[in-house]
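> turn this into a structure:
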Amino acid sequence: MIEVIILAIALSMDAFAVSIGLGAKENSPRLALKAGLFFGIFQALMPFIGYLGGKGVLGWIEAYAHWIAFGLLALIGAKMIYEGLHEGIEEEFSAITNKVMLILAIATSIDAMAAGFSLTLLDASPYVACLIIGITTFAFSWAGVYIGKNSGTWLESKAEIFGGVVLILMGLKMLLA
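Numbering: from 1, shown residues only. Below you'll find the predicted structure:
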C-alpha cells in the first residue's frame, strides 16, 4: 500500500505545480475547490483507464510487464522533470474558466493513464489505489492554490521535478523487484 501512496504523491505533483501557478495568478477558496475537484477527479479516472488497458494486454506481455512499467514511469518522470525546467502552461491563459480547468485537468492527468498500467503490478485494489490518487491530488491541488498565493511560482517547478524523480525511482523499483 505504501507504493500506492508514493505513486499518488508523485502523480499529484503535476497538478500541484499547475495549482501553484493558478494560485499565483488568482487566489480564492472557490478556485482552490475547483482545482481540487477537477484535478482530483481526472487523476483518479485516468489511472483506472490505464489499469483496465494494462489488464487487457497483461496476458500477452506478462513477461515484459516490469520493463514496460519501468519504461512508462521513466518516460513520465523524465517529462515531468523537463516540464519542471520549463514554463508551465497556465501562463498562457488569461482567465481561469471551467473550460480552462478541464483542459488543464486532462493535460495533467494523461500521464496518469500510462502510470495506471503499473497498477496491474501492485498488490492493491485498483479501486482503492485510484481513490487514494484522487484524494491525494485533490488535497495537493487545493493546497497548491493557497501556496501559489504566498510563494508565487518559484515552488511550481520544484514540485514537478520532485514528482518526476519519484516516478523514475518507482519504475526502477518495479524493474528490480
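> average pLDDT for stretch 80-87?
Mean pLDDT, stretch 80-87: 75.
> who's in contact with that stretch?
Contacts with stretch 80-87, where a contact means C-beta atoms under 8 Å, 6 or more residues apart in numbering, come from 13-14, 17, 111, 156-161, 163-165, 167. In this view, the C-beta of every residue, glycine as well, is placed from N, C-alpha and C.
> what helices or strands is the longest helix anywhere in the chain leaning on?
The helix spanning the most residues in the chain, taking DSSP state H as the definition, is helix 29-61. Helices and strands touching helix 29-61, as assessed by 3 or more C-beta pairs under 8 Å, 6 or more residues apart in numbering; DSSP states H and E, comprise helix 2-25, helix 65-84, helix 98-116, helix 126-151.
> most tightly surrounded among these?
Mean neighbour count, computed with mean count of other C-beta atoms under 10 Å, is highest for helix 2-25 among the helices and strands packed on helix 29-61, reaching a mean of 25.
> ok, residue 56 - how many residues close by?
Taking other C-beta atoms under 10 Å as the neighbour definition, residue 56 ends up with a count of 10.
> now do the contacts for residue 45.
Residue 45 sits next to 109, 130, 134 when contact means C-beta under 8 Å, 6+ apart.
> same thing with residue 114?
50, 72, 75, 76.
> how about the second one, nearest residue that isn't a chain neighbour?
Using C-beta to C-beta, 6 or more residues apart in numbering and skipping residues adjacent in sequence, the residue nearest residue 72 is residue 114, 4.6 Å away.
> got the confidence number for the one you found?
In the prediction, the pLDDT value recorded for residue 114 is 77.
> which members of the contacts of stretch 80-87 occur in helices, if any?
Filtering the contacts of stretch 80-87 for helices - DSSP H - leaves 13-14, 17, 111, 156-161, 163-165, 167.
> what about the longest helix of the chain, average pLDDT?
88.
> same deal with stretch 138-145?
Along stretch 138-145, the predicted local confidence has a mean pLDDT of 95.
> picking up where we left off before, farthest-separated two in the contacts of residue 114?
In terms of C-beta to C-beta, the contacts of residue 114 reach their longest pairwise distance at 50 and 75, which sit 13.2 Å apart.
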